[in-house]
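Asker: any chance you can model this:
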Amino acid sequence: MANIYGIDLGTCNLKIFNKHTNKIIKEKNTISVINKNQLYAYGDNAYAMYEKAPEAIQVSFPVSCGVIADYNNMQIMVQELLEKTSKGHVRGSEFIVAAPTDITEVEKKAFYDLFFKSKIKPKQVQLCDKPIADALGLGLDVNDPTGVMVVDIGADTTEISVISLGGLVLSDLIHFGGNRLDEAIISYIKKSFNLVIGQKTAMQLKEHIGSALPGREGEYTVVGLDVVSGLPIEVQISASLIY
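Answerer: Residues are numbered from 1 along each chain as shown. Below you'll find the predicted structure:
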């Protein structure tokens, strides 16, 4: 019997569900390229190079604003990950790919072709509306006649949808996400401490001590460049400051 894979291609994270093993693989949706077109590393290994790589290695995110921006490298990365996780038993499988709703048909086709036109020769590829997949993952009854609002905050986009009777009533994709929060943390810390930190450090602060509601306690040590002296310094950042 053919295996079934569930795929979520996010701007920041790539998630693959393998029905055969009942496991979810989560990797950073990042690639590093050498000599302009040669894939050097992907996933968590490529993300470890982000903001640290020499000029010869370009680190980028193949999904931008919820859509595939670097099709070829994204396809290579997905194939490599699938073959590594399935130990070569990926051919002839079925794929269910979660795609944002408020994108063009051409952009949706790229999600489909990424698997259908790949070397893995799938038995079937189906696109699933991401908000419905979100609601099912949360254990909500999507077939209920009562309207359910699902808000999915990603790295580059926020998708707000209303679901009723198994379908989408409304869906809107706003170009505002977690990356904007990281940028806000970077500028606030620069203003408060005269300290320059990178996007990766800002994300760590958000994930470790960030909160949407006041009252969280804790501190996180960051290293950045002092604006005045130009030297690296260590600073303790509190949870209340990030809030």
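
Asker: buried ones in stretch 192-202?
Answerer: Neighbour-count burial for stretch 192-202, counted by 16 or more other CB atoms under 10 Å, picks out Phe193, Leu195, Ile197, Gly198, Thr201, Ala202. Glycine gets a C-beta too; all of them are placed from N, C-alpha and C.

Asker: what's the answer for stretch 219-233, then?
Answerer: For stretch 219-233, a neighbour-count test (16+ other CB under 10 Å) marks Tyr220, Val222, Gly224, Leu225 as buried.

Asker: again, but for stretch 147-160
Answerer: Across stretch 147-160, burial judged by 16+ other CB under 10 Å covers Val148, Val150, Asp152, Gly154, Ala155, Asp156, Thr157, Thr158, Glu159, Ile160.

Asker: ok, now which ones touch the residue lying closest to the first one once chain neighbours are set aside?
Answerer: In this case it means Val148. Distances taken as CB to CB, 6 or more residues apart in numbering place Ile163 nearest to Val148, at 4.9 Å, with adjacent residues excluded. Ile163 makes contact with Pro131, Ile132, Ala135, Leu140, Val142, Gly147, Val148, Met149, Val150, Val169, according to CB atoms under 8 Å, 6 or more residues apart in numbering.

Asker: got those as JSON lines, with distance to Ile96 and pLDDT columns?
Answerer: Converted to JSON lines, those look like this (distance: CB to CB, whole Å; pLDDT from 0 to 100):
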{"residue": "Pro131", "distance to Ile96": "15", "pLDDT": "95"}
{"residue": "Ile132", "distance to Ile96": "11", "pLDDT": "94"}
{"residue": "Ala135", "distance to Ile96": "15", "pLDDT": "94"}
{"residue": "Leu140", "distance to Ile96": "18", "pLDDT": "92"}
{"residue": "Val142", "distance to Ile96": "15", "pLDDT": "89"}
{"residue": "Gly147", "distance to Ile96": "25", "pLDDT": "91"}
{"residue": "Val148", "distance to Ile96": "21", "pLDDT": "92"}
{"residue": "Met149", "distance to Ile96": "23", "pLDDT": "94"}
{"residue": "Val150", "distance to Ile96": "18", "pLDDT": "95"}
{"residue": "Val169", "distance to Ile96": "22", "pLDDT": "94"}
